[in-house]
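Trainee: I'll drop the sequence and a predicted model, then ask my questions.
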Amino acid sequence: MCANVRSDLKSDDTVELLRRARAGEHDALERLFDHHVPILRRWASGRMPRWARNADDTWDVVQETVVQTLKHIDTFEPRGVGALQAYLRRAVVNRIRNAIRRATIRPTATELPADLPNNDTSALDTVIRQQAKERYDAGLASLDPLERDALLGRIELGLSYSALAQALGKPSPDAARMTVARAMMKLSKAMNPP
């Protein structure tokens with residue numbers, strides 16, 4: 001991107017640059033990029049847990065997200081001052097959540113010991129466990145995405161409330177704790193209907 005591009009945009013400038021970028025002006029798109037990436041990098045710093053990072057760091061995620069988002073800028077409707085920055089932040093949060101999910105799906109490969117005991121379970125135990133898992137999965141699916149992320153982060157990933165607050169974009173660990181508590185109540189009701 002251009003090194004000598006002005007980065008002190010006002011909201012009117014952003015709206016005008018959006019209009020020009022939609023019209024295909026490459027310079028306008030570069031100015032939007034050069035203005036918003038540094039702000040997002042500062043904001044996103046520390047929001048992705050170390051264990052969820054692959055070869056990418058948070059800055060790479062921010063840059064890739066902005067590039068992908070600005071490619072589809074024609075679908076964005078600015079609805080006030082800071083709307084583009086808020087839109088980009090939401091996109092970054094979604095990318096970070098996806099990175100966290102990917103990190104939990106692909107656990108570190110380890111070899112099993114040759115003398116590992118065989119803990120076969122009965123058919124009844126298997127059926128009961130499967131039914132409980134199906135109720136749990138259905139209960140999770142009934143939650144809204146933020147509640148689902150809160151439960152998965154806390155219960156399945158074991159995140160602290162502080163780390164969870166960062167991952168969810170919550171203002172404090174107590175706000176993350178309340179989100180988890182509300183989600184847990186909803187999950188319990190969904191898994192155990194009256």
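Mentor: Alright, I've got the coordinates. Residues are numbered from 1 along each chain as shown.
Trainee: Now do the buried residues in the helix or strand of the chain with the lowest mean pLDDT.
Mentor: Of all helical and strand segments in the chain, the minimum by mean pLDDT, DSSP states H and E falls on helix 11-22, at a mean of 75. Neighbour-count burial for helix 11-22, with 16 or more other Cβ atoms under 10 Å as criterion, is recorded at T14, V15, L17, L18, R20, A21. Every residue, glycine included, has its C-beta placed from N, CA and C.
Trainee: Just list the residues touching the third one, thanks.
Mentor: For L17, the contact set (Cβ atoms under 8 Å, 6 or more residues apart in numbering) comprises L9, A28, L29, R31, L32.
Trainee: Mind checking which of the residues you listed land in helices?
Mentor: A28, L29, R31, L32 (DSSP state H).
Trainee: Surely the second one touches R19?
Mentor: Going back to what we said before, that points to L29. No. L29 is beyond contact range of R19, at 11.6 Å (criterion: Cβ atoms under 8 Å).
Trainee: which residue is nearest the centroid of the protein?
Mentor: Taking Cα atoms, centre = their mean, the centroid of the chain lies closest to R97, which sits 2.4 Å from it.
Trainee: what's the distance between that residue and L159?
Mentor: Computed as Cβ to Cβ, to the nearest Å, the R97 to L159 distance reads 12 Å.
Trainee: and stretch 133-148, what's its mean pLDDT?
Mentor: For stretch 133-148, the mean pLDDT works out to 88.
Trainee: What are the contacting residues of that stretch?
Mentor: Outside stretch 133-148, the residues touching it (Cβ under 8 Å, 6+ apart) are L151, L152, L168, T179, R182, A183, K186, L187, S188, A190, M191.
Trainee: Mind checking which of those residues are buried?
Mentor: L151, L152, L168, T179, A183, K186, L187, A190, M191.
Trainee: Which ones among those residues map onto helices?
Mentor: Counting by DSSP H, the members of these that fall within helices are L151, L168, T179, A183, K186, L187, A190, M191.
Trainee: Residue ranges in this protein under the pLDDT threshold?
Mentor: 1-12, 46-57, 80-81, 103-109, 118 (pLDDT under 70).
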